[in-house]
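J.: Got a sequence here, can you build the structure:
(2 chains)
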There are 2 protein chains.
Amino acid sequence: MARAEGVGVGLVGLGTVGAGVAQVLRENAAVIAARLGFPLRLVRVADLDASRARGVDLGGARFDGDADALVDDPEVAIVIELIGGTGAARRLIHRALERGKHVVTANKALLAEHGREIFDAAAKAGVDVAFEGSVGGGIPILRSMREGLAANRIDRVVGIVNGTTNYMLSEMEATGEPFAAVLARAQALGYAEADPSFDVDGVDAAHKLTLLAAMAFGADLTHRDVPTEGIRGLTPLDVAAAREFGYRIKLLGIAKRREGPGGEERIEVRVHPTMIPASSLLAKVDGAMNAIAVHGDAVGPTLFYGAGAGRLPTASAVVGDAMEIARAIQHGSPGGRVAPLSFLAEALRPRPLVPLAELHGRVYLAFSVEDRPGVLGEITSALGAHEIGISSLLQHRADEGGPVPVVVLTHPAPEGAVRRALDRIDALPRVAAPTRLIRIEEDL
Amino acid sequence: MARAEGVGVGLVGLGTVGAGVAQVLRENAAVIAARLGFPLRLVRVADLDASRARGVDLGGARFDGDADALVDDPEVAIVIELIGGTGAARRLIHRALERGKHVVTANKALLAEHGREIFDAAAKAGVDVAFEGSVGGGIPILRSMREGLAANRIDRVVGIVNGTTNYMLSEMEATGEPFAAVLARAQALGYAEADPSFDVDGVDAAHKLTLLAAMAFGADLTHRDVPTEGIRGLTPLDVAAAREFGYRIKLLGIAKRREGPGGEERIEVRVHPTMIPASSLLAKVDGAMNAIAVHGDAVGPTLFYGAGAGRLPTASAVVGDAMEIARAIQHGSPGGRVAPLSFLAEALRPRPLVPLAELHGRVYLAFSVEDRPGVLGEITSALGAHEIGISSLLQHRADEGGPVPVVVLTHPAPEGAVRRALDRIDALPRVAAPTRLIRIEEDL
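T.: Numbering: from 1, shown residues only, chains lettered A, B, ... in the order given. This is a model prediction of the structure:
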């Protein structure tokens, strides 16, 4: 691994992103060497599925199914893990770290669950773990938070971090179609998996938000700490009503620093469909694109936009990470220069979380009621009894004989009070279906 | 400078941004130390104007007017230059580099003119020069291009990089007022200088574009290579017509990779008011904010948004730079890890520039003609004679007896042909004033 020979890279997992990594390393070899001063060489590739090597130009790199041998190969200084999941990938990464190999991964599920364990092992081994591709695809958001905005106390991070659901919401808005029809199309186009729950139920977004919140606040948390709601429950009515009220609906990951009742610092983390002002930059993020808004005390509002997934955008982040590590290797100083989660391990700590009931904001409520006189009065008085003010109300036309959709925007109110009012409302005999609630964020 | 004591910083220039740097270092000392593992200590401040230290809490740092002594102070490992300009700042930076001190600066004018000289001196001395604050204020755009997007061949960079003019254009649009009225208000509010030419004539934007183009393409250029046009010539009619046609006018810095007639690589750099689709993200960037869109071959379109100037946003970038250098010092490996202009010095080279006459695109033309029959025909036939097609034409009402404004959007055409047609048109007896041309960019 002398200067002229460059730094050797091994790639485990030759799926979509893995093939993109091989392509970028090959096609952009000249620009990479012009930036580094030496080549980044793909020396070995491992995938259990031998058919995947067909049609991918690996530039002469050895290909086989033996990931362990790849990790052990003395030519491999950096192991790129693109297997995904929390099983084989976790074991492989630990093996690499134990052997003093640096690791690049885009595995948000693994890091959201076992990040601390992996970062601690890397620190112990004196090697680097880089994971820019795990959040926001090709957007250099983690590097920006960790280094570019490092002088800031971060106050909030609000992001569209799942391209599949953003595509689906954009489509629901453009076509007026229901969730199921849009999902079917997203699946046909390859934007959504056969089992779409990871995306549409917000799990993937919660994984990414976990990493963003850890880096923003030095919070030691896992995705299980993130209250998560997906987009399955959204109806064309909700999408249309949002537009009428001057909003758009986005699946957001939200992390905020808050002060608790006794003045202590707490954090608020959540993933859910959210109404945001149509004039905001985040509302303009359409299709499968991602964007993350970060607010720091010195820098103020910032926003980072780009493709949140996909073969080449994710490869851009993965190869960028490998270049940074290769630079440090050649510079004679890899390992631990920058804390992977932006704060030193000893500064990371569990933070008290704000319960959802203590959120305080405006909400959209969609009621489904029988078309009888007096029912609106029952609803508004139930809201009033919990001191929830109404700022707008739209009553839509009922389908022939069916229940009447009534949608309401409230004034800011504690979510606990709203939930108590909804419990009472949903128990009313003339309320035909559970009320849908969508939170509104104005402060982006 | 042992670990517990941290790294010592000296600050030269206690103006707006300098005071912000002192504030961030003081107020965010805890979060900075939690990220670095050691403190970043402001040990010394120099400014010839002693009154500037009043009202700024320097946290016990020594203050005097002796910048040279600050540079020579053994306690100072990193010199932050915030004097500005190309005279004293240049001399001071060289002095610091010669003494093995690392330098952080936000001085785009200096780097756009003498960047190569300074970077070469830093390389020779084995120290770092960081300059994130020089472009896009607090937006970590340089770091993102240099590291996050390093695996890409960058195809184009298009940015709103001057907050003053973006504020003024937003105001012209919101109020319909002419340039002069909006400039007076911007000056009263402190957004524009008493001598506003640096901002409104596009010079500041050209400085920033020079750095962006160098980093994007490995181009060795100075701001004198950048054809630059400011916003003085814009009228309320232009702003209103842009809106009618579905565009907004922004002062853009544009840098693109292009293929020359013989297949050789050329670059296109320019700063001018530009009509961009109202639906684009850049069009939504209002007020004094900045945004830079970068397109890479792997990552695709990205956009970076934030405050482009100001006390604390710029301080965020400056302190972030100092933190990165301090990290490398403590890690035992400062100096030259990353090429300052993203490409190694030996890979930077002058690139052939595309002449403006060879631009090929749609343009907006605003004619001022006498209200007589036939004059429109003369104009359209002059355009036709140069094979310039018209896609839209609006004739506005004349002021009583005054010339009639006629605005036209062309089909894509070579700018050389358009200029030749305008030479002919502007010589027509019934054309009352030189035609205004605004370029249109759809590909953002």
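J.: Kindly report the domain assignment for chain A.
T.: A:7-138+A:311-346, A:142-307, A:356-440 (automatic domain parsing).
J.: Could you export those domains as a markdown table, including mean neighbour count, distance to chain B and mean pLDDT?
T.: Where C-beta positions appear, they are placed from N, C-alpha and C, glycine not excepted. As requested, the domains of chain A are exported to a markdown table (neighbours: other CB atoms under 10 Å in any protein chain shown; distance: least, CB to the nearest CB, whole Å; pLDDT from 0 to 100):
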| stretch | mean neighbour count | distance to chain B | mean pLDDT |
| --- | --- | --- | --- |
| domain A:7-138+A:311-346 | 21 | 3 | 96 |
| domain A:142-307 | 21 | 2 | 96 |
| domain A:356-440 | 16 | 20 | 93 |
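J.: Could I get those domains in JSON lines, plus columns for distance to residue B:316?
T.: JSON lines is the format used below for those (distance: least, CB to CB, whole Å):
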{"stretch": "domain A:7-138+A:311-346", "distance to residue B:316": "14"}
{"stretch": "domain A:142-307", "distance to residue B:316": "4"}
{"stretch": "domain A:356-440", "distance to residue B:316": "28"}
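J.: Looking at those domains, which is nearest to residue B:268?
T.: Comparison of the domains of chain A against residue B:268 by CB to CB identifies domain A:7-138+A:311-346 as nearest, at 18.6 Å.
J.: First-to-last residue distance for that closest one?
T.: 31 Å (CA to CA, to the nearest Å).
J.: helix/strand/coil for the residue of chain A positioned farthest from its centre?
T.: Distance from the C-alpha centroid of chain A peaks at residue A:373, with 45.0 Å (CA atoms, centre = their mean). What DSSP: H, G, I helix; E, B strand; the rest coil gives for residue A:373 is coil.
J.: Tell me how far it lies from residue A:403.
T.: Going from residue A:373 to residue A:403 by CB to CB, to the nearest Å gives 15 Å.
J.: Over to residue A:42?
T.: Applying CB to CB to residue A:42 and residue A:403 gives a distance of 60 Å.
J.: circling back: give me phi/psi at the residue farthest from the centre of chain A?
T.: Residue A:373 has phi and psi values of phi -60, psi 150 when expressed as degrees, to the nearest 10.
J.: residue ranges for the helices of the stretch 151-300 of chain A, please.
T.: A:163-175, A:179-188, A:197-200, A:203-217, A:236-244 (DSSP state H, counting those that start in this stretch).
J.: Residue A:128 is nearest to which of those helices?
T.: The nearest among the helices of the stretch 151-300 of chain A, by CB to CB, is helix A:203-217 at 15.7 Å.
J.: Okay, angle between the closest one and helix A:163-175 too, please.
T.: Orientation note: helix A:203-217 sits at an angle of 110 degrees relative to helix A:163-175 (axes from the mean of the first three to the mean of the last three CA atoms, to 10 degrees).
J.: Helix A:203-217 - contacts with which helices or strands?
T.: The contact analysis (3 or more CB pairs under 8 Å, 6 or more residues apart in numbering or on different chains; DSSP states H and E) places helix A:203-217 against helix A:108-125, helix A:141-143, strand A:154-160, strand A:247-259, strand A:265-277.
J.: export these to a markdown table and tack on distance to residue A:391?
T.: Formatted as a markdown table, the helices and strands packed on helix A:203-217 follow (distance: least, CB to CB, whole Å):
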| stretch | distance to residue A:391 |
| --- | --- |
| helix A:108-125 | 36 |
| helix A:141-143 | 34 |
| strand A:154-160 | 22 |
| strand A:247-259 | 12 |
| strand A:265-277 | 13 |
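J.: JSON lines for the helices of the stretch 151-300 of chain A, including distance to residue B:273?
T.: Shown next, in JSON lines, are the helices of the stretch 151-300 of chain A (distance: least, CB to CB, whole Å):
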{"stretch": "helix A:163-175", "distance to residue B:273": "31"}
{"stretch": "helix A:179-188", "distance to residue B:273": "40"}
{"stretch": "helix A:197-200", "distance to residue B:273": "42"}
{"stretch": "helix A:203-217", "distance to residue B:273": "37"}
{"stretch": "helix A:236-244", "distance to residue B:273": "32"}
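J.: residues in contact with residue A:109?
T.: A:84, A:85, A:86, A:204, A:207 (CB atoms under 8 Å, 6 or more residues apart in numbering or on different chains).
J.: Give me the nearest residue to residue A:73, chain neighbours excluded.
T.: In space, and not counting its chain neighbours, residue A:73 is closest to residue A:44: 5.6 Å by CB to CB, 6 or more residues apart in numbering or on different chains.
J.: go on, residue A:121?
T.: residue A:97 (4.8 Å).
J.: That neighbour touches residue A:127, doesn't it?
T.: Yes: in terms of CB atoms under 8 Å, residue A:97 counts as a neighbour of residue A:127; the distance is 5.9 Å.
J.: still on that earlier bit, wouldn't the residue nearest to residue A:73 be in contact with residue A:72 here?
T.: No: counting by CB under 8 Å, residue A:44 does not reach residue A:72; the two are 10.3 Å apart.
J.: so how far is residue A:440 from residue A:411?
T.: 11 Å.
J.: where do the contact lists of those two overlap?
T.: Shared contacts of residue A:411 and residue A:440, counting by CB under 8 Å, 6+ apart, come down to residue A:362.
J.: a strand runs through residue A:71, doesn't it?
T.: No: counting by three-state DSSP, residue A:71 is not part of a strand but helix.
J.: mind listing what it touches?
T.: With contact set as CB under 8 Å, 6+ apart, residue A:71 has these partners: A:10, A:12, A:79, A:92, A:95, A:96, A:99, A:101.
J.: could you say what helices and strands the strand or helix carrying residue A:419 packs with?
T.: Assignment of secondary structure by DSSP states H and E places residue A:419 within helix A:415-426. With contacts defined as 3+ CB pairs under 8 Å, 6+ apart, helix A:415-426 has these neighbours: strand A:363-369, helix A:375-385, strand A:431-440.
J.: Just the C-alphas of it, formatted as CSV.
T.: Taking C-alpha atoms only, helix A:415-426 is exported to CSV below (Å, rounded to 0.1, in the frame of the first residue of the first chain):
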residue,chain,number,x,y,z
GLU,A,415,-51.2,16.6,22.1
GLY,A,416,-52.3,14.8,25.2
ALA,A,417,-55.4,17.0,25.4
VAL,A,418,-56.1,16.4,21.7
ARG,A,419,-55.8,12.7,22.2
ARG,A,420,-58.2,12.8,25.2
ALA,A,421,-60.7,14.8,23.1
LEU,A,422,-60.4,12.3,20.3
ASP,A,423,-61.0,9.4,22.6
ARG,A,424,-64.3,11.1,23.6
ILE,A,425,-65.2,12.0,20.0
ASP,A,426,-64.4,8.6,18.6
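J.: So what's the gap between it and the chain middle?
T.: 29 Å (CA atoms, centre = their mean, to the nearest Å).
J.: between that helix and strand A:363-369, how many degrees?
T.: Using the same axes, to 10 degrees, helix A:415-426 lies at 10 degrees relative to strand A:363-369.
J.: what's in contact with helix A:415-426?
T.: A:356-361, A:363, A:365, A:367, A:378-379, A:382-383, A:385-388, A:410, A:431, A:434-435, A:437, A:439.
J.: hmm, 10 Å instead?
T.: Residues from elsewhere that reach helix A:415-426 (CB atoms under 10 Å, 6 or more residues apart in numbering or on different chains): A:355-363, A:365, A:367-369, A:375, A:378-388, A:410, A:413-414, A:431-437, A:439.
J.: Next, the angle strand A:431-440 makes with it.
T.: Using the same axes, to 10 degrees: helix A:415-426 against strand A:431-440 is 160 degrees.
J.: Many thanks, have a good one.
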